[in-house]
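Enquirer: kindly generate the corresponding structure for this input.
(one chain, ligands or ions: 1)
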Amino acid sequence: MNFRSGVLVPRLFLRHHAMAQVDLKSGGRADVPRDRLSVVVTRRLPDEVEIRLRELFKVRLRDSDAPMTRAELAEAVAEADVLVPSLSDTIDAGLLAQAGERLKLIANYGAGVDHIDVATARQRGVLVSNTPGVLTDDTADMTMALLLAVTRRIPEGLALMQKGEWTGWSPTALLGGRIGGRRLGILGMGRIGQAVARRAVAFGMQVHYHNRKRLRPEIEDRFDATYWDSLDQMVARMDVISVNCPSTPSTFHLMNARRLKLLKPSAVIVNTSRGEVIDESALTRMLRNGEIAGAGLDVYEHGADVDPRLRELPNVVLLPHMGSATLEGRIEMGEKVIINIKTFEDGHRPPDLVVPAML
Ligand code: DGY
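Expert: Numbers count the residues shown, from 1 in each chain. Predicted coordinates:
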């Protein structure tokens, strides 16, 4: 990869495409391919997104809603200029080794890139982009929904109604806990963590956070947030923990058995980020033993292979990774993918380029 005049020029891209030469020194533009890029999309996307992709690129869309098999993915990376995967596709070094010389961009349909070996892609001259920002509010909304579902026992109430077993109001039935005034510890204070903080303040919660880097004072002031350098110390003092950091090698099992044991027995943990951040079997054990009061989970350590013991627990609310699942969000994710591909095709650096140093 070369950076010239502030413009990223993918080397292999230059080698294998007929190029219209554009003076880089004049700024803004690099060499532009004459042919339309061939794009392979691994999952079915909303109609609005697929229609636009068809208009702009030579695109192969997916009819089935099932994820591609490893063999189908290998075929896709062998033939495409641009791959549009999503979190259900594992793009590891083994798969990248099967990529054709044409593959120049992996324009991920999603914000998280933990399923992509970004460093290896980069070594092979393949850029990776993602879709940050457009699923922030939806995911933060779902964090609050889970928090309320657990603390206010919403699934138990729903089950009662659905079974037709409700016999009328009672002063002592289904008593939950009030979230106003409680201490919320946000683990990962990036875009989504801050969106959760904003909502939590509106619900009257006290915001605490742990992050790789302390936020600027004006952002802390916005949420009246308390920074904890020590995650252990924060965890031990919170009523609710919300996991909002990405999954990286350094966040794997950040909430391990030792740290989970620091939680107060009355504490609740919510995860709308990635399952790998929590040691799921330790969490399950502690929930079963009543060492933690409850959990609201949208994501799991082993994907859809959810520990069956978790499903049996009344103090746990489980959702099928739907934190960002709004039609608006999915369309905006598609728009981001398209902008990243189009910008790249025009010889510029994709706006949502992921570089290994960010991870
Ligand atoms: C993402 O884009 O990484 C989200 O987890 C999808 O919900």
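Enquirer: can stretch 305-319 be said to contact the ligand?
Expert: No: Stretch 305-319 stays clear of the ligand (CB under 6 Å from any ligand atom), getting no nearer than 11.0 Å. To be clear about C-beta, it is placed using only N, CA and C from the backbone, and glycine gets the same treatment.
Enquirer: what does whichever helix or strand residue 330 is part of contact?
Expert: Element membership of residue 330, judged by DSSP states H and E, is helix 327-345. Helix 327-345 has contacts (CB atoms under 8 Å, 6 or more residues apart in numbering) with 10, 32-33, 36-37, 39, 45-46, 48-49, 52-53, 56-57, 82, 84, 104-105, 107-110, 127, 129-135, 138, 324, 349-353.
Enquirer: so how do I select the buried members of these in PyMOL?
Expert: Here is the PyMOL command that selects the buried residues among the contacts of helix 327-345 (16 or more other CB atoms under 10 Å):
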select buried, resi 10+33+37+39+45+49+52+53+57+82+84+104+105+107+108+109+110+127+129+130+131+132+134+135+138+324+349+350+352+353
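Enquirer: who's in contact with the residue nearest to residue 127 when sequence neighbours are not counted?
Expert: Of all residues not flanking residue 127 in the chain, residue 105 sits nearest, at 4.9 Å (CB to CB, 6 or more residues apart in numbering). Counting by CB under 8 Å, 6+ apart, residue 105 touches 10, 81, 82, 83, 126, 127, 128, 129, 340, 341, 344, 350.
Enquirer: what backbone torsions are found at residue 105?
Expert: The phi/psi pair for residue 105 (degrees, to the nearest 10) reads phi -140, psi 130.
Enquirer: hey, what's it bridged with?
Expert: Beta-bridge partners for residue 105, by DSSP bridges, are residue 82, residue 127.
Enquirer: what score does it have for pLDDT?
Expert: On the pLDDT scale, residue 105 is placed at 98.
Enquirer: tell me where this protein has helices.
Expert: In the chain, the helices defined using DSSP state H lie at 11-16, 47-56, 70-79, 93-96, 118-123, 136-151, 154-162, 191-202, 217-223, 231-237, 257-260, 280-288, 308-311, 327-345.
Enquirer: those helices: which one's closest to residue 300?
Expert: Proximity to residue 300, assessed across these by CB to CB, is greatest for helix 280-288 (6.4 Å).
Enquirer: quick check: buried residues in the closest one?
Expert: 280, 282, 283, 284, 285, 286, 287.
Enquirer: again with stretch 235-249
Expert: Within stretch 235-249, the residues scored as buried using 16+ other CB under 10 Å are 235-248.
Enquirer: next step: these restricted to strands.
Expert: Mapping those onto strands (DSSP state E) picks out 240, 241, 242, 243.
Enquirer: what's across from the first one in the sheet?
Expert: Spelled out, that is residue 240. Assigned bridge partners for residue 240, using DSSP bridges, are residue 184, residue 268.
Enquirer: ok, it touching residue 267?
Expert: Yes: at 6.7 Å, residue 240 counts as touching residue 267 under the criterion of CB atoms under 8 Å.
Enquirer: now render the helices of the chain as JSON lines, adding mean pLDDT.
Expert: Putting the helices of the chain into JSON lines (pLDDT from 0 to 100) gives the following:
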{"stretch": "helix 11-16", "mean pLDDT": "33"}
{"stretch": "helix 47-56", "mean pLDDT": "97"}
{"stretch": "helix 70-79", "mean pLDDT": "98"}
{"stretch": "helix 93-96", "mean pLDDT": "98"}
{"stretch": "helix 118-123", "mean pLDDT": "97"}
{"stretch": "helix 136-151", "mean pLDDT": "98"}
{"stretch": "helix 154-162", "mean pLDDT": "97"}
{"stretch": "helix 191-202", "mean pLDDT": "98"}
{"stretch": "helix 217-223", "mean pLDDT": "98"}
{"stretch": "helix 231-237", "mean pLDDT": "98"}
{"stretch": "helix 257-260", "mean pLDDT": "98"}
{"stretch": "helix 280-288", "mean pLDDT": "97"}
{"stretch": "helix 308-311", "mean pLDDT": "94"}
{"stretch": "helix 327-345", "mean pLDDT": "98"}
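Enquirer: need the residues of the stretch 201-350 of the chain near the ligand, please.
Expert: Residues of the stretch 201-350 of the chain lying near the ligand by CB under 6 Å from any ligand atom: 323, 324.
Enquirer: what sits closest to the residue of the stretch 201-350 of the chain found nearest the ligand if chain neighbours are left out?
Expert: The nearest approach of the stretch 201-350 of the chain to the ligand comes at residue 324, 3.7 Å away (CB to the nearest ligand atom). Of all residues not flanking residue 324 in the chain, residue 135 sits nearest, at 3.6 Å (CB to CB, 6+ apart).
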